[in-house]
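J.: I need the structure of the sequence given here:
(3 chains)
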Amino acid sequence: MSQSQGTQPFVLFDNVQKSYDGITLVVKSFNLGIDKGEFITLLGPSGSGKTTCLMMLAGFETATHGDIFLDGRSINNIPPHKRGIGMVFQNYALFPHMTVAENLAFPLEVRGMTQTEREDKVRKALDMVQMGKFGGRRPAQLSGGQQQRIALARALVFEPSLVLMDEPLGALDKQLREHMQFEIKHLHEHLGITVVYVTHDQSEALTMSDRIAVFNDGIVQQLARPADLYERPSNSFVAQFIGENNKLKGIVKDLKGETALVEFTNGQQAEALAVNCEGIGKPTLCSIRPERVRIGSQAGMYATEGKVLELIYLGDHIRCRMSVYGDDSFIVKIPNAGDGTMLSVGQTIRVGWDKNDCRALDA
Amino acid sequence: MEQLQTLNGVPLKKQIARALFKQKVRALLLIAPLLIFILITFVIPIADMLMRSIDNSIVSQTLPQTTTSLESWDPKTAQLPDEATYTALYNDLKQAVEQKNHTKLGTRLNYENSGMSSLFRKVGKDVSKMKEGVSYKEQFLAADKAWGDLNTWNLFKLYSPKYTDGYFLAALDMKKTPDGIQRLPESERIYLNLFARTIFMSLLITALCLVLGYPIAWLLANLPMRTSNLLMILVLLPFWTSLLVRTSAWKVLLQQQGVINDILVWLGVISHSGRLELINNQLGTLIAMTHILLPFMILPLYSVMRTIPPSYLRAAKSLGATDWTAFWRVYFPQTVAGIGAGAILTFILAIGYYITPELVGGTQGTFISNRIAYHISSSLNWGMAAALGTILLTLVLVLYWVYDKIVGIDKVKLG
Amino acid sequence: MKLKPIFAAVSIATFSSGLLAADMAKEMTIVSWGGAYSNSQIKAYHEPYMAANPGFKIINDESSNEAVAKLRAMAEAKNITWDLVDVEGPDSQRLCDEGLAMEMDFDKDLAPGKDGSTPTKDFGDSLINKCFIPQIVFSTTFGYRTDVPEWNGKKPEDLCAVFDTKTFPGKRSLEKRPKKNLEWALLCDGVPKEKLYEVLSTPEGVDKALAKLDTIKKDVLWWSAGAETPQRLADKEAVIGSTYNGRLFDVIEEKKQPVAMLWDYQIFDFDGWIVPAGLPEDRKARVLDFLKVSTDTQHLADQAKYISYGPARASSQPLVGKHATLGIEMAPHMPNNPANAKRYLVNNIEWWSNNEDEMNKKFEAWLAK
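T.: Purely as a prediction, here's the structure:
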């Protein structure tokens, strides 16, 4: 990943490793370049190393090995308060003994700004998050969403070029969370700042990010744009972690260019897009998104028989559990198009998909 | 405004009050055992102490006729009371000697005037020998010249009322005289000095506990649970050691031929003849009491610090604060509640300590409680002990009030 | 009239005393000082008495140092749980004055001496008030270290060595109360023994005594528990100090420390029993029975086998024998042995009961200066 000085990205993790106990590596080998103005999300289950990476960038953890560059400078030996990185914490970390305005003024004060300057900036920051009237309140007098906005404003008020967010929406209810996702996204676009965002919520990541780094087991499994990540997961972990997914177990029988012939557990064979196959005779996991499965007359060329096991009415679509290629947990999302397509449990129906939507991955 | 009613026509307010009344009764019943316990073990004893500090009924009860007779006597005339008063005294004393109350009165009056104790002890025999029909005044004067001393009669008159401020005056180094309240001569003033010393030293001990305890509490709060529990045992160790063991340990450590002095001499820091006096003075009290009371400071601090997530400090640093600013502006203010609780606890415990100051305090390191203990167990002057205790209680309450004004008692929390 | 039932009760008690064991309580709580002293009483009094009275039990309580306050609290609560209390003479005076201790009829309640003398005569001056049954004579005296290099081989020979910091430099260990210290100070300031209390009764006399104490004030370590001086002598913290003679015996003879006694102007005190006032009849009968037996000539002499305090009866003194474990003759270690008591004072309980409060204030004020 090392690049020459001139083209080096804004933030660069260069072969970063981290271990707490000297026995296991929490972060195994992390390489990531972030461009200015980018919104990058580190996504992964808890314990995958994503927060550790964020903390190393913020300066609260030191890398066991490797370098982190910010704007071309190695920041390994720069203490957190000199890095000038804004940060939003999981539980907001608003100082409970200060008013909202005092909280916002704090970073300005430690930077030695005059009072008038501070008041001006605090007012602007509060207006920016539509909290102009709340300057005199204490954090405890605010709702979760309001606290979230204040935390955001505080991380932005001193105009850092890089803002880190550590699961900032985790404590909010679903509706508020979705609303805040858009607000953060808008602020990011509006201010042109670089954001590194940590979450374990994949839909949040998909909604907000320019690029997503999916973490598991201390390694980045895939770094890609949201659409690519969803459409073209490069391994079975990513496929499973991002969105809903049908997994058909099988063995690679043949490999021709981009096409793999897979034999499933019930003996039937079908072609799939060979993305991450180890070779002929090796096990594989074919991943198909539920919404890409077609049924009945719409099923195309790569079709087989499926038996309906369960139907759940979900309003905009109907969730149908079927038995396909010997897998009883095969899910199909049938759009509620109002065209009267009615299935019944026990019915056998044709099921099919585009060959490129069935991705043969590592087992 | 129209009164709201429930569906069956009862005014809504009344219905709510009825429902709440039941809840209140239930709540009261739940706390009743504690309430009774506190009443018996706390409120009544304190009320009893307050009463004792002003109770003076022994004089008018033992000498009822005499005190009545003295009402018409004016000390300003500088004349001894008349024969009738002496006759009253004879009658009272005769009764008192039969009931063996005269020596008790002597003890009481001896607190005010040295010599009364033996005068009353002796009068037991004298009274039994006195004859009827002869002037009692002359017989008393013949028995002991103290009965012809105006001071004796002044004393009786001053202490005739059922209630007295005498104990309180004595507790403030003052004395009742026929010419009004006067300060004691300087060679007999001890209590004001002791009160001042007690408060000053208690504040100093509290401050020392805070300075020493704060970093320890911080360490405990920020270590992994297992390690901190282990360290906590060390903090609590003083609780589990008997006072005598601890005192002996301090003596071994601190005395002039003790371990610390030995080490300092060996290191050449001090000369053999210049060994430091670390015990049997104020320093000894400071060291020993700080050691004993440290846990009372650490525990509230620790439990408050435990509740402060590390993200506050991180947030402060990410916002550009140096380590010190982050601590002072963000962390420290949040521990004020714990400091408040610890300080109050330590101070109030310190102000009432007496065993440790007695053992290691020498002459300059003793507290007012030592005098209270002396009056309770040695001189048996419980009225005096009660007056000193009442003043101490009042001082604590006043300090508490000041504390509330400055820090705010609602801000105190134990975690 | 309240008095009649009391008289009636007393006559029944005296009648039954010593007659019927069945009428006496089966248990008795005896309060004493603990440690070696309690032990000497248990060995000399309690065990022989329990052996002679099967089924009877003595419960030992070591609360004597707070006996006065506790007895008063018990009397106020009207629940006396103690039967016999070991107190020092001055405390017995206070308890007697307060009506907390029972008044005794010595010639009736106590056994005559072995030589046939009446108890009043046998106990003599130690009968300091009507409530107090003396057991032992102890004294407060000085002990000094025998190996102080700064003393250049000189040894303290009289009391005034305590005040002579030039010849005998080093820390002194004195009790933190005016009693005894004031007397010693005046004696070394030239006041004759007979005039002591006359002088002390004037403010100038007290000032004189305190002025004398001032000359050694910076060299004094004050004690409030009797064990402190022996400990300080053993630790070399002090070179000379006052304490009870038994404590010094212990540090010299049993612990073999380089310490010696200074038998000059020791101050005698008595320690003995009082019976709390207001005991029920059966318990009172038992206590009186125990007292009669255990304060006779032989038993008092026996106690001296275990501790170096002198028996209060004159008739017991010739019977004092050897120490029970050390095997040394105890007579030379008795404070009232004529060789040790060439010059002495007796604690003036009467004077101190009048003046202790005032002296205490002056002494405390002086200490705080």
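J.: What segments of chain B are strands?
T.: B:174-177, B:180-183 (DSSP state E).
J.: hey, which of these is tucked in deepest?
T.: strand B:174-177 (a mean of 16; mean count of other C-beta atoms under 10 Å in any protein chain shown). Every C-beta, even on glycine, is put in place using the N, C-alpha and C of the backbone.
J.: Ok, which of the strands of chain B comes nearest C:Pro332?
T.: For C:Pro332, the closest of the strands of chain B is strand B:174-177, at 50.2 Å, according to C-beta to C-beta.
J.: Out of the strands of chain B, the one nearest chain A is which?
T.: Comparing those by their distance to chain A (C-beta to the nearest C-beta), the top pick is strand B:174-177, with 47.0 Å.
J.: What's the local residue count around residue 78?
T.: Unless you meant another one, I'm taking chain A. 14 (other C-beta atoms under 10 Å in any protein chain shown).
J.: that's the wrong chain, I meant chain B
T.: Using other C-beta under 10 Å, the number of residues around B:Ala78 comes to 7.
J.: Provide a list of residues in contact with the closest residue to it other than its chain neighbours.
T.: Closest residue in space to B:Ala78, ignoring its immediate chain neighbours: B:Leu150 at 6.5 Å, by C-beta to C-beta, 6 or more residues apart in numbering or on different chains. Listed by C-beta atoms under 8 Å, 6 or more residues apart in numbering or on different chains, the contact set of B:Leu150 reads B:Pro75, B:Ala78, B:Leu80.
J.: quick one: B:Leu150 and A:Ile219, what's the gap?
T.: Relative to A:Ile219, B:Leu150 is positioned 104 Å away (C-beta to C-beta, to the nearest Å).
J.: Check B:Thr366 too.
T.: Per C-beta to C-beta, B:Thr366 is found 70 Å from A:Ile219.
J.: on that earlier part again, can you say which of the strands of chain B is nearest to chain C?
T.: Among these, if distance is taken as C-beta to the nearest C-beta, the winner is strand B:174-177, at 10.8 Å.
J.: is chain C contacted by the closest one?
T.: No. Using C-beta under 8 Å from any C-beta of the partner chain, no contact is recorded between strand B:174-177 and chain C, whose separation bottoms out at 10.8 Å.
J.: do stretch B:191-207 as well
T.: Yes. Against chain C, stretch B:191-207 shows contacts by C-beta under 8 Å from any C-beta at B:Asn193, B:Leu194.
J.: Outline the domain layout of the chain.
T.: Reading this off chain A. Residue ranges for each domain of chain A read A:11-231, A:244-362, as given by automatic domain parsing.
J.: ah, no, chain B please
T.: Using automatic domain parsing, chain B is parsed into the domains B:11-52, B:57-164, B:191-411.
J.: Tell me which of B:Thr366 and A:Ile219 has more neighbours.
T.: A direct count of neighbours by other C-beta under 10 Å for B:Thr366 and A:Ile219 places B:Thr366 higher, at 29 against 16.
J.: mind checking how far that one is from chain A?
T.: Taking C-beta to the nearest C-beta, to the nearest Å as the measure, B:Thr366 falls 41 Å from chain A.
J.: Am I right that that residue is in contact with B:Leu194?
T.: Yes. Counting by C-beta atoms under 8 Å, B:Thr366 touches B:Leu194, with 7.5 Å between them.
J.: Between these two, which contacts overlap?
T.: Between them, B:Thr366 and B:Leu194 share no contacting residue under C-beta under 8 Å, 6+ apart.
J.: show me where the stretch 151-300 of chain A has helices.
T.: Counting by DSSP state H, counting those that start in this stretch, the stretch 151-300 of chain A has these helices, from start to end: A:174-191, A:202-208, A:226-231, A:236-241.
J.: just how off-centre is the first one within its chain?
T.: What it means is helix A:174-191. With C-alpha atoms, centre = their mean, to the nearest Å as the basis, helix A:174-191 stands 15 Å off its chain's centre.
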